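Enquirer: sequence and predicted structure are below.
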Amino acid sequence: MHDDERATICVRDFGIGINPQKLPHLFDRYYRVDAFGHQFSGLGLGLYISSEIITRHNG
């Protein structure tokens, strides 16, 4: 939904979840959450980059 000044984006997630103690670090560069001993590929940059884009656009 949007108007001349704003857009609203909604996201639904059906993932495995994140331990609440790890939430403060979720957008840190290179931080990867491994709540249940699972192996995940990646560098831990995706949420950090997303956060930077939103911040730089005053979101």
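Expert: On my side now, so go ahead. Residues are numbered from 1 along each chain as shown.

Enquirer: where does this protein dip in pLDDT?
Expert: Of all residues in the chain, those with pLDDT under 70 make up the ranges 1-2, 34-40.

Enquirer: which residue is nearest the middle of it?
Expert: Leu47 (3.9 Å; C-alpha atoms, centre = their mean).

Enquirer: what residues are up against the residue nearest to it when sequence neighbours are not counted?
Expert: The shortest distance from Leu47 to any non-neighbouring residue, by C-beta to C-beta, 6 or more residues apart in numbering, is to Phe27 (5.3 Å). The way it works is simple: take the backbone N, C-alpha and C, and place the C-beta from them, glycine included. The contact partners of Phe27, by C-beta atoms under 8 Å, 6 or more residues apart in numbering, come to 47-48, 50-51.

Enquirer: of all the residues you listed, which comes closest to Arg32?
Expert: Lowest distance from Arg32 to these (C-beta to C-beta) belongs to Leu47, with 9.7 Å.
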